[in-house]
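In: Fold the following, please.
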Amino acid sequence: MKALLLQDKNKWTEMKVEEIEKPLPNKGEVVVEVHAVGLNPVDYKTATNGNPHWTYPHILGLDVAGTIDAVGEGVVDWKKGDRVVYHGDFMKKGGYAEYAVTTVHSISRIPDAVTFEEAAALPTAGYTAYEALFRKLPMNHIQTILIHGGAGGVGGFGVQLAKNAGKTVFSTASAHNHEYVKSLGADYVIDYREENVVEKVLELTNGRGVDAVLDTVSAKNATDSLDMIAYRGHLAHIAGAPDYTKVKPFTKVTSYHEVALNAAHHIDDMIAQADLAKMGDELLALVAEKKVAPMIERLISLKEVPSALEELSKRHVKGKIITKVK
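Out: You can find the predicted model right below:
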(Lines give C-alpha, C1' and ligand atoms only; values in the text may rest on other atoms or scores of the structure.)
Protein backbone atom coordinates (compact mmCIF):
# COMPACT_ATOMS: atom_id res chain seq x y z
CA MET A 1 0.00 0.00 0.00
CA LYS A 2 1.01 3.63 -0.38
CA ALA A 3 1.79 5.59 2.78
CA LEU A 4 3.41 8.87 3.79
CA LEU A 5 6.52 7.71 5.62
CA LEU A 6 8.44 9.39 8.42
CA GLN A 7 11.96 7.99 8.18
CA ASP A 8 13.28 9.32 11.50
CA LYS A 9 12.46 11.82 14.20
CA ASN A 10 12.44 15.49 13.22
CA LYS A 11 12.24 14.60 9.51
CA TRP A 12 8.54 15.27 9.05
CA THR A 13 9.17 18.01 6.48
CA GLU A 14 10.92 15.38 4.35
CA MET A 15 8.15 12.75 4.38
CA LYS A 16 7.37 11.12 1.03
CA VAL A 17 4.71 8.75 -0.24
CA GLU A 18 6.22 5.30 -0.59
CA GLU A 19 5.18 1.64 -0.64
CA ILE A 20 4.89 -0.29 2.63
CA GLU A 21 3.25 -3.54 3.69
CA LYS A 22 -0.50 -3.42 4.30
CA PRO A 23 -1.41 -4.02 7.98
CA LEU A 24 -3.35 -7.03 9.25
CA PRO A 25 -5.81 -6.97 12.15
CA ASN A 26 -5.02 -8.63 15.47
CA LYS A 27 -7.67 -9.82 17.89
CA GLY A 28 -10.17 -7.04 18.58
CA GLU A 29 -8.91 -4.87 15.72
CA VAL A 30 -10.14 -3.70 12.33
CA VAL A 31 -8.28 -2.65 9.21
CA VAL A 32 -9.71 0.56 7.74
CA GLU A 33 -9.44 1.52 4.09
CA VAL A 34 -8.61 5.18 4.54
CA HIS A 35 -10.62 7.82 2.70
CA ALA A 36 -9.66 10.95 4.63
CA VAL A 37 -7.35 12.06 7.45
CA GLY A 38 -7.43 15.27 9.48
CA LEU A 39 -4.23 17.23 10.07
CA ASN A 40 -3.35 18.35 13.60
CA PRO A 41 -0.46 20.12 15.38
CA VAL A 42 0.16 16.91 17.34
CA ASP A 43 1.46 15.40 14.07
CA TYR A 44 4.48 17.64 13.78
CA LYS A 45 4.94 17.97 17.55
CA THR A 46 5.30 14.23 18.13
CA ALA A 47 7.30 13.79 14.93
CA THR A 48 9.85 16.37 16.02
CA ASN A 49 11.07 14.38 19.01
CA GLY A 50 9.85 10.94 17.98
CA ASN A 51 8.48 8.34 20.39
CA PRO A 52 10.21 5.35 22.00
CA HIS A 53 7.30 3.12 20.95
CA TRP A 54 7.84 3.86 17.25
CA THR A 55 9.76 1.85 14.71
CA TYR A 56 10.80 3.56 11.49
CA PRO A 57 9.56 4.19 8.97
CA HIS A 58 6.61 5.50 10.97
CA ILE A 59 3.21 6.74 9.78
CA LEU A 60 1.62 9.81 11.36
CA GLY A 61 -2.07 10.78 11.32
CA LEU A 62 -4.53 10.36 14.21
CA ASP A 63 -7.87 11.38 12.68
CA VAL A 64 -8.91 8.62 10.30
CA ALA A 65 -12.16 8.11 8.37
CA GLY A 66 -12.85 5.29 5.94
CA THR A 67 -14.48 1.90 5.48
CA ILE A 68 -13.71 -1.33 7.29
CA ASP A 69 -11.61 -3.58 5.04
CA ALA A 70 -11.06 -6.51 7.40
CA VAL A 71 -11.95 -7.52 10.96
CA GLY A 72 -9.86 -9.43 13.46
CA GLU A 73 -10.78 -12.28 15.76
CA GLY A 74 -13.53 -11.48 18.23
CA VAL A 75 -14.93 -8.49 16.34
CA VAL A 76 -18.72 -8.51 16.27
CA ASP A 77 -21.33 -5.95 15.18
CA TRP A 78 -18.94 -4.57 12.53
CA LYS A 79 -18.34 -5.77 9.00
CA LYS A 80 -16.42 -5.00 5.82
CA GLY A 81 -17.75 -1.83 4.20
CA ASP A 82 -18.96 -0.12 7.38
CA ARG A 83 -18.15 3.61 7.40
CA VAL A 84 -16.09 4.54 10.47
CA VAL A 85 -13.98 7.26 12.03
CA TYR A 86 -11.60 7.10 14.98
CA HIS A 87 -9.03 8.95 17.06
CA GLY A 88 -5.83 6.95 16.85
CA ASP A 89 -3.12 6.16 19.36
CA PHE A 90 -0.02 8.18 18.44
CA MET A 91 2.20 5.46 19.90
CA LYS A 92 1.14 3.29 16.96
CA LYS A 93 1.25 3.73 13.19
CA GLY A 94 -1.35 6.22 11.96
CA GLY A 95 -3.58 6.99 9.04
CA TYR A 96 -1.57 8.83 6.37
CA ALA A 97 -1.83 5.72 4.24
CA GLU A 98 -4.22 3.71 2.10
CA TYR A 99 -4.94 1.37 5.03
CA ALA A 100 -4.70 1.70 8.81
CA VAL A 101 -5.49 -0.51 11.79
CA THR A 102 -7.20 0.34 15.08
CA THR A 103 -9.04 -1.27 17.98
CA VAL A 104 -12.73 -2.00 17.41
CA HIS A 105 -13.80 -0.31 20.64
CA SER A 106 -12.34 3.01 19.46
CA ILE A 107 -14.38 3.42 16.25
CA SER A 108 -17.54 5.43 15.63
CA ARG A 109 -20.04 4.79 12.87
CA ILE A 110 -20.31 7.64 10.35
CA PRO A 111 -23.94 8.61 9.64
CA ASP A 112 -25.03 8.66 6.00
CA ALA A 113 -25.45 12.44 6.16
CA VAL A 114 -21.75 12.96 7.05
CA THR A 115 -18.94 12.68 4.48
CA PHE A 116 -15.60 11.01 5.15
CA GLU A 117 -13.89 14.40 4.97
CA GLU A 118 -16.30 15.91 7.50
CA ALA A 119 -15.82 12.96 9.85
CA ALA A 120 -12.01 13.17 9.59
CA ALA A 121 -12.14 16.80 10.73
CA LEU A 122 -13.54 15.81 14.12
CA PRO A 123 -11.46 13.47 16.30
CA THR A 124 -8.49 15.37 17.74
CA ALA A 125 -9.89 18.89 17.73
CA GLY A 126 -13.59 18.10 18.03
CA TYR A 127 -13.30 15.39 20.69
CA THR A 128 -10.92 17.60 22.71
CA ALA A 129 -13.42 20.45 22.75
CA TYR A 130 -16.25 18.03 23.46
CA GLU A 131 -14.41 16.39 26.35
CA ALA A 132 -13.55 19.77 27.85
CA LEU A 133 -17.13 21.00 27.73
CA PHE A 134 -19.16 17.84 28.35
CA ARG A 135 -16.84 15.55 30.29
CA LYS A 136 -14.91 18.07 32.38
CA LEU A 137 -16.88 21.29 32.87
CA PRO A 138 -20.23 21.36 34.74
CA MET A 139 -22.03 22.97 31.82
CA ASN A 140 -25.38 23.06 33.64
CA HIS A 141 -23.86 25.57 36.06
CA ILE A 142 -22.00 27.67 33.48
CA GLN A 143 -23.50 30.66 31.72
CA THR A 144 -20.42 32.42 30.35
CA ILE A 145 -17.32 30.86 28.84
CA LEU A 146 -14.16 32.17 27.19
CA ILE A 147 -12.67 29.94 24.52
CA HIS A 148 -9.22 31.00 23.39
CA GLY A 149 -8.24 30.61 19.74
CA GLY A 150 -11.72 30.52 18.25
CA ALA A 151 -10.43 30.38 14.67
CA GLY A 152 -8.48 27.18 15.29
CA GLY A 153 -9.62 23.59 15.42
CA VAL A 154 -10.26 23.03 19.14
CA GLY A 155 -11.35 26.62 19.66
CA GLY A 156 -13.70 26.61 16.68
CA PHE A 157 -15.42 23.42 17.79
CA GLY A 158 -15.54 24.74 21.34
CA VAL A 159 -17.26 27.95 20.26
CA GLN A 160 -19.88 26.01 18.31
CA LEU A 161 -20.54 23.48 21.05
CA ALA A 162 -20.79 26.09 23.78
CA LYS A 163 -23.17 28.24 21.75
CA ASN A 164 -25.22 25.18 20.84
CA ALA A 165 -25.51 24.55 24.59
CA GLY A 166 -26.98 28.02 25.06
CA LYS A 167 -23.98 29.74 26.66
CA THR A 168 -22.70 33.29 26.24
CA VAL A 169 -19.43 32.73 24.39
CA PHE A 170 -16.34 34.92 24.46
CA SER A 171 -13.37 34.12 22.24
CA THR A 172 -10.00 35.44 21.14
CA ALA A 173 -8.72 35.71 17.58
CA SER A 174 -6.72 37.94 15.24
CA ALA A 175 -8.76 40.85 13.91
CA HIS A 176 -9.08 39.36 10.41
CA ASN A 177 -10.77 36.26 11.89
CA HIS A 178 -13.35 38.04 14.03
CA GLU A 179 -16.26 37.68 11.63
CA TYR A 180 -15.41 34.02 11.07
CA VAL A 181 -15.41 33.27 14.80
CA LYS A 182 -18.67 35.17 15.23
CA SER A 183 -20.16 33.07 12.42
CA LEU A 184 -19.34 29.99 14.53
CA GLY A 185 -21.38 31.41 17.38
CA ALA A 186 -19.15 33.66 19.49
CA ASP A 187 -20.98 36.59 21.09
CA TYR A 188 -17.79 38.57 21.72
CA VAL A 189 -14.42 38.22 19.98
CA ILE A 190 -11.34 39.95 21.39
CA ASP A 191 -8.22 40.80 19.39
CA TYR A 192 -5.52 39.29 21.59
CA ARG A 193 -2.83 41.19 19.68
CA GLU A 194 -4.25 44.67 20.15
CA GLU A 195 -6.37 44.43 23.29
CA ASN A 196 -5.76 43.44 26.89
CA VAL A 197 -7.87 40.30 27.03
CA VAL A 198 -8.21 40.26 30.82
CA GLU A 199 -9.35 43.87 30.96
CA LYS A 200 -11.79 43.39 28.08
CA VAL A 201 -13.39 40.28 29.60
CA LEU A 202 -13.78 42.00 32.97
CA GLU A 203 -15.28 45.02 31.24
CA LEU A 204 -17.78 42.90 29.32
CA THR A 205 -18.77 40.96 32.46
CA ASN A 206 -19.07 44.02 34.74
CA GLY A 207 -15.94 43.02 36.62
CA ARG A 208 -17.09 39.51 37.54
CA GLY A 209 -15.24 37.43 34.93
CA VAL A 210 -16.46 34.33 33.10
CA ASP A 211 -17.65 31.08 34.62
CA ALA A 212 -15.18 29.02 32.60
CA VAL A 213 -12.19 29.29 30.30
CA LEU A 214 -11.00 26.76 27.73
CA ASP A 215 -7.36 27.55 27.05
CA THR A 216 -5.91 26.17 23.82
CA VAL A 217 -2.72 28.26 23.69
CA SER A 218 -0.05 27.73 26.37
CA ALA A 219 0.69 27.40 30.08
CA LYS A 220 1.35 31.15 30.24
CA ASN A 221 -1.94 31.91 28.58
CA ALA A 222 -3.71 29.56 30.99
CA THR A 223 -2.05 31.39 33.89
CA ASP A 224 -3.10 34.79 32.54
CA SER A 225 -6.64 33.44 32.19
CA LEU A 226 -6.91 32.94 35.94
CA ASP A 227 -7.40 36.70 36.31
CA MET A 228 -10.64 36.61 34.32
CA ILE A 229 -12.37 33.64 35.97
CA ALA A 230 -15.30 34.33 38.27
CA TYR A 231 -15.81 32.94 41.77
CA ARG A 232 -16.24 29.15 41.74
CA GLY A 233 -15.19 29.16 38.08
CA HIS A 234 -13.34 26.62 35.97
CA LEU A 235 -10.29 26.42 33.74
CA ALA A 236 -9.88 23.61 31.20
CA HIS A 237 -6.46 23.53 29.54
CA ILE A 238 -4.98 21.53 26.67
CA ALA A 239 -1.60 23.18 26.09
CA GLY A 240 -0.05 23.35 29.53
CA ALA A 241 -1.19 23.79 33.12
CA PRO A 242 -1.38 27.24 34.70
CA ASP A 243 0.63 28.42 37.69
CA TYR A 244 -1.90 27.39 40.32
CA THR A 245 -0.21 29.51 43.00
CA LYS A 246 -1.49 32.65 41.29
CA VAL A 247 -4.91 32.08 42.88
CA LYS A 248 -4.72 32.13 46.67
CA PRO A 249 -6.65 29.51 48.66
CA PHE A 250 -10.08 30.53 49.97
CA THR A 251 -10.56 33.24 47.36
CA LYS A 252 -11.95 32.21 43.98
CA VAL A 253 -11.96 28.43 44.66
CA THR A 254 -11.19 27.76 40.98
CA SER A 255 -11.40 24.24 39.56
CA TYR A 256 -8.82 23.00 37.05
CA HIS A 257 -9.31 20.43 34.30
CA GLU A 258 -6.56 18.88 32.17
CA VAL A 259 -7.69 17.61 28.77
CA ALA A 260 -5.47 15.10 26.93
CA LEU A 261 -7.20 12.56 24.69
CA ASN A 262 -4.20 10.35 24.10
CA ALA A 263 -3.80 9.75 27.83
CA ALA A 264 -6.53 7.12 27.42
CA HIS A 265 -4.08 5.16 25.28
CA HIS A 266 -1.05 5.92 27.45
CA ILE A 267 -2.63 4.30 30.50
CA ASP A 268 -4.26 1.56 28.39
CA ASP A 269 -7.74 2.27 29.76
CA MET A 270 -10.24 0.55 27.45
CA ILE A 271 -13.20 2.25 29.10
CA ALA A 272 -11.67 5.67 28.46
CA GLN A 273 -10.81 4.67 24.88
CA ALA A 274 -14.37 3.51 24.29
CA ASP A 275 -15.59 6.86 25.58
CA LEU A 276 -13.63 8.54 22.79
CA ALA A 277 -15.81 6.58 20.36
CA LYS A 278 -18.92 7.56 22.32
CA MET A 279 -17.94 11.23 22.08
CA GLY A 280 -17.47 10.62 18.37
CA ASP A 281 -20.99 9.26 18.08
CA GLU A 282 -22.41 12.28 19.90
CA LEU A 283 -20.42 14.79 17.85
CA LEU A 284 -21.16 13.05 14.54
CA ALA A 285 -24.87 13.31 15.34
CA LEU A 286 -24.52 17.07 15.80
CA VAL A 287 -22.72 17.35 12.45
CA ALA A 288 -25.40 15.25 10.76
CA GLU A 289 -28.06 17.56 12.21
CA LYS A 290 -26.13 20.62 10.93
CA LYS A 291 -25.73 21.90 14.49
CA VAL A 292 -21.92 21.76 14.28
CA ALA A 293 -19.85 22.57 11.17
CA PRO A 294 -16.64 20.58 10.56
CA MET A 295 -14.88 23.82 9.50
CA ILE A 296 -13.03 22.30 6.54
CA GLU A 297 -10.89 24.96 4.90
CA ARG A 298 -9.33 22.84 2.17
CA LEU A 299 -8.59 19.34 0.95
CA ILE A 300 -5.07 18.19 0.10
CA SER A 301 -3.29 15.05 -1.13
CA LEU A 302 -0.95 12.84 0.91
CA LYS A 303 2.12 14.35 -0.73
CA GLU A 304 1.00 17.84 0.32
CA VAL A 305 0.83 16.94 4.03
CA PRO A 306 4.41 18.00 4.98
CA SER A 307 3.95 21.54 3.63
CA ALA A 308 0.52 21.81 5.27
CA LEU A 309 2.00 20.71 8.60
CA GLU A 310 4.58 23.48 8.22
CA GLU A 311 1.67 25.92 7.90
CA LEU A 312 0.12 24.50 11.05
CA SER A 313 3.39 24.89 12.93
CA LYS A 314 3.17 28.65 12.38
CA ARG A 315 -0.13 28.59 14.34
CA HIS A 316 -2.19 30.74 11.99
CA VAL A 317 -4.27 28.16 10.11
CA LYS A 318 -8.03 28.68 10.27
CA GLY A 319 -10.35 25.69 10.65
CA LYS A 320 -9.30 22.24 9.47
CA ILE A 321 -7.12 20.89 6.66
CA ILE A 322 -8.08 17.41 5.45
CA THR A 323 -6.07 14.88 3.47
CA LYS A 324 -8.20 13.14 0.87
CA VAL A 325 -6.67 9.68 0.43
CA LYS A 326 -9.36 8.07 -1.70
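In: got any ranges where this protein has weak pLDDT?
Out: Judged against pLDDT under 70, the chain has no low-scoring part.
In: got a list of what the residue most central in space within it touches?
Out: Centroid check for the chain by Cα atoms, centre = their mean gives residue 125 as the closest residue, at 1.6 Å. Counting by Cβ atoms under 8 Å, 6 or more residues apart in numbering, residue 125 touches 38, 40, 152, 153, 154, 156, 157, 320. Yep, even glycine has a C-beta here, placed from its N, CA and C like the rest.
In: can you check residue 72 too?
Out: Per Cβ under 8 Å, 6+ apart, neighbours of residue 72: 25, 26, 27, 28, 29, 30, 104.
In: gap between the second one and residue 109?
Out: With the distance defined as Cβ to Cβ, to the nearest Å, residue 26 ends up 21 Å from residue 109.
In: Let me see the backbone angles for the most far-flung residue of the chain relative to its centre.
Out: The outermost residue of the chain relative to its centre, with distances by Cα atoms, centre = their mean, is residue 250 at 34.0 Å. Main-chain dihedrals, residue 250, degrees, to the nearest 10: phi 60, psi 30.
In: picking up where we left off before, which residue of residue 26 and residue 109 possesses the greater neighbour count?
Out: Applying other Cβ atoms under 10 Å to residue 26 and residue 109 shows that residue 109 carries more neighbours, namely 17 against 11.
In: what are the ranges of the helices in the stretch 1-150 of the chain?
Out: Assigned by DSSP state H, counting those that start in this stretch, the stretch 1-150 of the chain shows helices spanning 41-49, 116-120, 128-131.
In: who does the second one touch, helix- and strand-wise?
Out: Based on contacts counted as 3 or more Cβ pairs under 8 Å, 6 or more residues apart in numbering; DSSP states H and E, the elements that helix 116-120 packs against are strand 29-38, strand 63-71, strand 83-87, helix 270-288, strand 296-300, strand 320-324.
In: Tell me which of the ones you listed sits nearest to residue 260.
Out: helix 270-288 (10.8 Å; Cβ to Cβ).
In: which residues touch the closest one?
Out: 85-87, 103, 105-111, 113-114, 118-119, 122-123, 126-127, 130-131, 134-135, 161, 164, 261, 263-265, 292-294.
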